[in-house]
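Engineer: 3D, please:
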Amino acid sequence: MTVSRDPFFDCARLPFEWWRVAIPAVLLAMTGINSPAATPAYLHQALSEFNPVNPPGWAYTLTTRREDRTISERHDPSKPPGGQWVLLTMDGRSPTAEETEKYGRARSAGPGGSQANFTKADIEPGSLQLIRETQDHAEFSAEFREAATGADKMLGHLLLRLKVDKRVPYVSAYILELKEPYSPILGVKMQELRVEALFRPPNGDQPSLLSQMTSHFAGRIFFFSTGEDLRLTYQDYTPPPNELSR
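Structural biologist: Numbers count the residues shown, from 1 in each chain. Predicted coordinates:
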């Protein structure tokens, strides 16, 4: 679930923390994730350009659906910090003045934007295995580096699948799934977790960008069952101003 991380949209957060580990490029080369000899040429190219989150500077409209509630907002990083997010609609209608004010307060309290569930450097290169392949597409399974799992070891409890379009090539989707039920803290039991992100193909100067993200979570908090399903749709992209001036 790139996922919007701010207090107004707690529903759009996945129930675990994102972990980022900066691993030098020389280490990646040594371990083989960017080594042409270790992977097919199409996979090497797809991984070299893979970014689980949208690159900085791109504006977009984000529509979040949770059960029967829908909210649409516009994110433009070229605007001043207080005006980068604008509420467009709520449940298909124009927001009221009160809703707009509440939204503005919530957005100003958090950094907004989206963050990836993981980075390319978090992938354990030796774990990549081909699951299936056709003439135009391939799917690989992967696991995460021990160093990237963080203090709560969340990434260590997740399996990763990468779908690759061999014609472009690029990573067209990733899927995260919980290996087995997991208790991150006392009283909380995660029984099901599945996140799927779909990406647009790169086109000319436009890189691969998020198209849609869905998540399903089910679990228990003490004696109470809990769960949610989310769908985030990204559209109406505008490149950074420096790209437009080229």
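
Engineer: which of the helices and strands in this protein ranks last by mean pLDDT?
Structural biologist: In the chain, no helix or strand scores lower on mean pLDDT, DSSP states H and E than helix 25-31, which sits at a mean of 32.

Engineer: averaged pLDDT, the longest helix along the chain. What do you get?
Structural biologist: Longest helix in the chain by number of residues (criterion: DSSP state H): helix 97-109. For helix 97-109, mean pLDDT is 88.

Engineer: check the chain for its longest strand and report it.
Structural biologist: Ranked by residue count, the top strand of the chain under DSSP state E comes out as strand 224-238.

Engineer: list the pairing partners of that strand within its sheet, with orientation.
Structural biologist: Strand 224-238 pairs in its sheet with strand 59-66 (antiparallel), strand 210-221 (antiparallel), by DSSP bridges.

Engineer: quick revisit: buried ones in the longest helix of the chain?
Structural biologist: Tyr103, Gly104, Ala106, Arg107 (16 or more other C-beta atoms under 10 Å). Heads up, the C-betas are built off the backbone N, CA and C, glycines and all.

Engineer: does Leu130 lie in a helix or a strand, and which?
Structural biologist: strand 129-133 (DSSP states H and E).

Engineer: what lies in contact with that strand?
Structural biologist: Strand 129-133 is contacted by residues Ala138, Glu139, Phe140, Ser141, Ala142, Arg161 when judged by C-beta atoms under 8 Å, 6 or more residues apart in numbering.

Engineer: and it, which strands flank it?
Structural biologist: strand 137-142 (antiparallel).

Engineer: next helix or strand past the strand it pairs with?
Structural biologist: Counting by DSSP H and E, what follows strand 137-142 is strand 158-165.

Engineer: please look at Val168 and Pro201 and confirm they touch.
Structural biologist: Yes: between Val168 and Pro201 there is a contact at 5.2 Å, judged by C-beta atoms under 8 Å.

Engineer: re the thing from before, buried ones among the contacts of strand 129-133?
Structural biologist: Ala138, Glu139, Phe140, Ala142.

Engineer: what's the following helix or strand after the least confident helix or strand of the chain?
Structural biologist: helix 41-48.

Engineer: report the angle between that next one and strand 137-142.
Structural biologist: 60 degrees (axes from the mean of the first three to the mean of the last three C-alpha atoms, to 10 degrees).

Engineer: buried sites along helix 41-48?
Structural biologist: Buried residues in helix 41-48 (16+ other C-beta under 10 Å): Tyr42, Leu43, His44, Gln45, Ala46, Leu47.

Engineer: with distance to Trp58 added, can I get those residues in a markdown table?
Structural biologist: Shown next, in a markdown table, are those (distance: C-beta to C-beta, whole Å):
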| residue | distance to Trp58 |
| --- | --- |
| Tyr42 | 25 |
| Leu43 | 25 |
| His44 | 25 |
| Gln45 | 21 |
| Ala46 | 20 |
| Leu47 | 21 |
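
Engineer: what helix or strand does the closest residue to Asp91 other than its chain neighbours sit in?
Structural biologist: Leaving aside its sequence neighbours, Asp91 sits nearest to Thr70 (C-beta to C-beta, 6 or more residues apart in numbering; 5.5 Å). Here Thr70 sits within strand 69-75, counting by DSSP H and E.

Engineer: pLDDT weak spots in this protein?
Structural biologist: For the chain, residues meeting the criterion pLDDT under 70 lie at 1-38, 109-116, 149-152, 243-246.

Engineer: skipping adjacent residues, who's closest to Val234 in space?
Structural biologist: No, residue 234 isn't Val; it's Tyr. Using C-beta to C-beta, 6+ apart, the nearest residue to Tyr234 is Leu210, at 4.6 Å.
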